[in-house]
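*Asks:* Any chance you could fold what I've pasted below:
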Amino acid sequence: QSNTLHFAYNNYALGYTNTAYLTNYGTVIWAGTIDAAANSSTHGGGGIIYNAGVWDAVADMTMGVYSGSGTNYFINTGTLEKTAATGTSTIGWNFSSSGVIETYSGTFNLNWGGPSVLNGNLTLNGTMAAPLTIASNAVLNLSGGDLESALTVAQGGTLIQSNTLHFAYNNYAVGSTNTACLTNYGKVIWAGTIDASANSSTHGGGGIIYNAGLWDAVADLSMGVYSGSGTNYFINTGTLEKTAGAGISTMGWTVENRGILGSQTNTLSLTGNYDLSAGTLNSGINGPGNYGIIHLSGSPAVLTGTLSANLNNGYVPATGSNFDVLTYSSESGVFTNFLPPFAVAMQTNYGATKLTLTVLNVRPVLNTIAAQNLDELTTLNLSASATDMDAGQSLAFALVSGPGGLNVSSAGAIAWMPDETQGPSTNLVFLKVTDNGTPPLSATNSFTITVNEVNVAPALGTLSDWTVNPGQTISFTATATDADLPTNTLTFSLVA
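*Replies:* The predicted model follows:
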């Protein structure tokens, strides 16, 4: 289709009762404008496209209305794809899809008109006025638009929001009663501004985000209000974190945190109301002066719930290091729980305008011991070793678990002679080293010892001398013992 195609062009002459259909089970190359003399509200006439094959947009074209009012339909159960041209291909007809949408070049602008499921990889700029689900393994790159209905990211699906996204942008036209919802069970890359035409105080309309997956802030952006008054909500039961950007990501919506909320770099600022009581605030620590900060509004900021921290990129802070991970104008309350990073002991210090984490001790590192192999009834002697970045601390070694008879001294000397019952065998040994910092910290490691069975010659019992006459028969039984375990079978024979 390489030039303008009119659907029901003479519809006006028939009282807008004629409907023109295009049903595709093969391939359509869409390279020209398409329009329709739109149907009445009951769809007495106009245009309908059923695509069960491949509909390939190879130019930046528009599917719109020539005359009339009402709705035309594009129903996709096959594959809609844009394979050429770097601009926007617009389907202004009422669009719904249960098939695949792929954007290999440029952008689609789709007028979502019915519940749809996105399969594939779509770059979209436009209004979403009907429920849309991003299926598992599907990707929606939202380069701008308006969410007027419900958008769901299924587990395994990805939403990349790379430009301004309006929630309930036309809310004023419906008396501020429309609510736009985004529910995430997969992954959202937050890389563009988000705003909403805020709802009334009873939440008659506005924006709600339910995050039960991963919400990743990768730029210094804001989530605020476009117009109106009232409250929009970000309800987090998954993980919301800032992982990139050189400055501040701002959340002006009301935040209810029941999961993990934090920053791995620079600042995540909660400027609206918030409830932290059922969740965790987390800060990622990357190095001296390089760590995530959470800013809380309010005077005072109410501290409750759990505070935690994690270390990134192999960084281990020195004892005495300080990290101002939480800022506020004033505060009240304390966190119910504090979860320090693995291998580091920290203390929380509540200041007038900031909360500081101070490193009290860093655990030692127990060096690896290679796997050992020896025969039973022979002696093994080894020395365990460890390092501790805290100068001046003493280290004490101990055996956590291992075979019977193995001994470990507090200085790290390991000694063992496996007895006959312990060969053959493979033995797992766990060691522990503990420093004398405050509080003391320990590290564990393990190695294996393989014991080989050694065959020990049996011992023949004493034989008495006999004196006999010719033709006389004598009989006796030879005996022997063997210390080997497992027990060996003994066989007797005449040597001479």
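*Asks:* C-alpha from now on. contacts and neighbour counts both.
*Replies:* Fine.
*Asks:* mind listing the helices in the stretch 201-350 of the chain by residue range?
*Replies:* Using DSSP state H, counting those that start in this stretch, no helices are found in the stretch 201-350 of the chain.
*Asks:* which sections of it are below the confidence cut-off?
*Replies:* For the stretch 201-350 of the chain, applying pLDDT under 70 flags the ranges 201-205, 228-230.
*Asks:* dump the residue contacts of the residue most central in space within the chain.
*Replies:* Central residue of the chain (CA atoms, centre = their mean): Leu214, 6.0 Å from the mean position. For Leu214, the contact set (CA atoms under 8 Å, 6 or more residues apart in numbering) comprises Asn184, Tyr185, Gly186, Lys187, Val188, Gly238, Thr239, Leu240, Glu241.
*Asks:* Of the residues you listed, which belong to strands?
*Replies:* Asn184, Lys187, Val188, Thr239, Leu240, Glu241 (DSSP state E).
*Asks:* which of those count as buried?
*Replies:* Buried residues within the ones in strands among the contacts of Leu214, defined by neighbour count using 16 or more other CA atoms under 10 Å: Asn184, Lys187, Val188, Thr239, Leu240, Glu241.
*Asks:* quick one, what contacts the first one?
*Replies:* To tie it back to what came earlier, the one meant is Asn184. With contacts defined as CA under 8 Å, 6+ apart, Asn184 is in contact with Thr152, Val153, Ala154, Gln155, Ile209, Tyr210, Asn211, Ala212, Gly213, Leu214.
*Asks:* Swap in 10 Å and give it another go.
*Replies:* Neighbouring residues of Asn184 by CA atoms under 10 Å, 6 or more residues apart in numbering: 133-134, 151-155, 157-159, 209-215, 236, 238.
*Asks:* Tell me the bridge partners for Ala345.
*Replies:* Taking DSSP bridges as the rule, Ala345 bridges to Asn361.
*Asks:* wait, what's in contact with it?
*Replies:* If you count contacts by CA under 10 Å, 6+ apart, Ala345 has them with 319, 339, 357-363, 437-441.
*Asks:* cutoff 7 Å now
*Replies:* Applying CA atoms under 7 Å, 6 or more residues apart in numbering, we find Ala345 in contact with Val359, Leu360, Asn361, Val362.
*Asks:* Using the three-state scheme, assign the first one.
*Replies:* Put plainly, it is Val359. Following DSSP: H, G, I helix; E, B strand; the rest coil, the label given to Val359 is strand.
*Asks:* how near is it to Asn282?
*Replies:* As judged by CA to CA, to the nearest Å, Val359 and Asn282 stand 16 Å apart.
*Asks:* cool, the last one as well?
*Replies:* Here the criterion is CA to CA. By it, Val362 lies 20 Å from Asn282.
*Asks:* ok, now Tyr50?
*Replies:* The value you get for Tyr50 to Asn282, if CA to CA is used, is 49 Å.
*Asks:* same deal with Thr193?
*Replies:* Distance from Thr193 to Asn282, counting by CA to CA: 23 Å.
*Asks:* what lines up beside the helix or strand harbouring Asp56 in the sheet?
*Replies:* Using DSSP states H and E, Asp56 maps to strand 54-57. Here strand 54-57 has these sheet partners by DSSP bridges: strand 27-30 (parallel), strand 79-82 (parallel).
*Asks:* Need the winner for burial among the ones you listed.
*Replies:* When the strands paired with strand 54-57 are scored by mean count of other CA atoms under 10 Å, the highest mean neighbour count falls to strand 79-82 (a mean of 24).
*Asks:* And the contacts of the next helix or strand after it?
*Replies:* Next helix or strand after strand 79-82 toward the C-terminus (DSSP H and E): strand 88-97. The contact list for strand 88-97 (CA under 7 Å, 6+ apart) reads 60-64, 71-77, 106-117.
*Asks:* what about Asn111, distance to Gly126?
*Replies:* 7 Å.
*Asks:* just to revisit the earlier point, who's more crowded, Tyr50 and Asn282?
*Replies:* Taking other CA atoms under 10 Å, Tyr50 and Asn282 do not tie; Asn282 has more neighbours (27 against 16).
*Asks:* Tell me who's in contact with that one.
*Replies:* Taking CA under 7 Å, 6+ apart as the criterion, Asn282 is in contact with Ile260, Leu261, Gly262, Ser263, Leu307, Ser308, Ala309.
*Asks:* and it, what are its bridge partners?
*Replies:* Where Asn282 sits in a bridge, its partners, by DSSP bridges, are Gly262, Ser308.
*Asks:* Ok, Ala180 next?
*Replies:* When bridges are called by DSSP bridges, Ala180 pairs up with Gly207.
*Asks:* Isn't it up against Leu147?
*Replies:* Yes - using CA atoms under 7 Å, Ala180 makes contact with Leu147 at a distance of 6.1 Å.
*Asks:* Which residues are in contact with each of the two?
*Replies:* Here Ala180 and Leu147 have Phe167, Ala168 as joint contacts, going by CA under 7 Å, 6+ apart.
*Asks:* What is the longest strand of this protein by residue count?
*Replies:* Secondary structure of the chain per DSSP E: the longest strand is strand 116-128.
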